[in-house]
Each structure stands twice: as C-alpha cells, then as structure tokens.
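Student: Structure for the following, please:
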Amino acid sequence: MDDAPIEIVEYDPRWVEAFQLEREVLSDALAPWLVGIPEHIGSTAVPGLAAKPIIDIMAPVRSLEGSRAAVAAAAGAGYVFFPYRAEVMHWFCKPSPSVRTHHLHLVPMGSHLWNERLAFRDALRIDEDLRTEYRSLKLALAARYRHDRDGYTDAKAPFIHRVLERAAAGGADAT
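Tutor: Next comes the predicted model:
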C-alpha cells in the first residue's frame with residue numbers, strides 16, 4: 001500500500017468547516033450505528049496548532065462488534081477501511097492511503113480511547129505552552145519519519161502520555 005508522506009503545515013482555520021461538512025455526511029451515512037455526535041480530534045481540531053492537513057474524526061459507536069456493518073456504510077461515503085488498532089476502533093482514511101484528506105475512527109463511546117483522545121485535544125486547546133512544544137516535536141518527527149507513519153506515531157507517544165497524565169492529575173499544576 002502506497003502511503004502518503006508525513007507533512008506538517010501551519011494551522012488552517014478552514015479545517016473547522018471541513019470537519020463540520022464531513023460530520024454531516026458521516027452523521028447521515030453512519031446514523032444506525034452512532035450513539036452520539038462525531039468529534040473533531042487530532043491536531044486539526046486545535047486552533048493555532050500546525051498539523052498534517054488531514055481532518056481526524058472520531059465517531060461514537062456502542063461497540064466494535066455492533067458497528068461492523070458500518071464499515072460498508074463508511075466505504076459508501078468514500079472511506080477506505082484498514083484494520084489499524086482493530087482491538088479498539090474501526091479505522092478509515094479518505095480518499096486513499098496515498099492521498100489523505102480525512103481519517104475516521106469509529107470508537108466505542110466512553111471507552112478508554114474515546115476519553116483519552118478528547119482529553120488530549122482539550123489539553124492542547126487550553127495550553128499554549130503544550131501546543132508550542134507539540135508543534136516543535138511534530139515538525140522534528142515529520143522530518144525524521146517522513147515515510148514511516150508508525151515510527152512518527154510511536155515517537156509522539158511519550159509526549160501524549162505525559163499530557164494525559166497531567167490532565168488526569170488536574171492540569172498545569174501536575175507537571
């Protein structure tokens with residue numbers, strides 16, 4: 001599978017509208033399986049943060065088993081399924097692995113992954129120092145792992161873990 005290289009660009013306020021438009025498409029296409037409103041996650045959901053220009057959407061489902069039929073429905077909306085972290089989510093990209101505009105994560109609402117993704121996004125939204133640190137880290141890692149998405153993701157893990165521990169401990173006072 002040809003995979004798009006990792007490219008980090010400056011924040012684009014149009015990402016909010018791109019998410020809102022896609023949320024409408026997904027809310028219709030996935031209605032039978034959704035148990036809440038799809039969330040904008042990832043760096044494009046954080047105003048001012050440089051990011052890969054890919055809109056990450058986390059859609060809440062009751063269970064992975066109960067939402068397996070949603071894979072075909074997502075395909076009908078232009079998403080390509082890939083069994084990435086299949087034990088915790090159904091993962092898709094759009095329109096293809098080599099050209100990505102959107103990622104879709106079908107995640108059980110209230111699961112550990114669901115809560116972590118929202119906590120990480122929210123921590124970055126409220127803390128400019130974290131955004132600055134994360135931006136620098138992402139730029140360095142994108143240069144190092146341009147053609148290695150797993151390496152890029154794995155190398156961000158210690159930072160993400162630290163932010164989540166801090167958020168769980170009550171915020172900035174827990175550094």
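Student: quick one: low-confidence ranges for this protein?
Tutor: For the chain, the stretches flagged by pLDDT under 70 are 1-2, 171-175.
Student: which residues in it form strands?
Tutor: Residue ranges of the strands in the chain, as given by DSSP state E, are 39-41, 55-61, 80-82, 90-95, 100-108.
Student: any idea which of these is most buried?
Tutor: strand 55-61 (a mean of 23; mean count of other C-beta atoms under 10 Å). Quick note: C-beta positions are derived from backbone N, CA and C, even for glycine.
Student: for Gly48, what are its contacts?
Tutor: Gly48 makes contact with Tyr11, Glu128, Arg131 under the criterion C-beta atoms under 8 Å, 6 or more residues apart in numbering.
Student: Of the residues you listed, keep whichever come out buried.
Tutor: Buried subset of the contacts of Gly48 (neighbour count, 16 or more other C-beta atoms under 10 Å): Tyr11, Arg131.
Student: So which of the contacts of Gly48 is the closest to Tyr79?
Tutor: Distances from Tyr79 to these, taken as C-beta to C-beta, are shortest for Tyr11 (24.4 Å).
Student: what about Ser63, neighbour count?
Tutor: Ser63 has 12 neighbouring residues, counting by other C-beta atoms under 10 Å.
Student: Return the backbone torsion pair for it.
Tutor: phi -160, psi 160 (degrees, to the nearest 10).
Student: which residues does the closest residue to it other than its chain neighbours contact?
Tutor: Closest residue to Ser63 apart from its sequence neighbours, by C-beta to C-beta, 6 or more residues apart in numbering: Pro108 at 5.6 Å. Each residue near Pro108 by C-beta under 8 Å, 6+ apart is listed here: Pro60, Val61, Arg62, Ser63, Leu64, Trp114.
Student: Okay, and the beta partners of the closest residue to Ser67 other than its chain neighbours?
Tutor: Excluding its sequence neighbours, the residue lying closest to Ser67 (C-beta to C-beta, 6+ apart) is Val61, at 3.9 Å. Val61 has these beta-bridge partners by DSSP bridges: Leu34, Pro108.
Student: Just the buried residues of the longest helix belonging to the chain, please?
Tutor: For the chain, the helix that runs over the most residues, judged by DSSP state H, is helix 149-168. Buried positions in helix 149-168, judged by neighbour count with 16+ other C-beta under 10 Å: Arg149, Tyr152, Ala155, Phe159, Ile160, Val163, Leu164, Arg166, Ala167.
Student: residue contacts, the fifth one?
Tutor: So the one you mean is Ile160. Counting by C-beta under 8 Å, 6+ apart, Ile160 touches Phe120.
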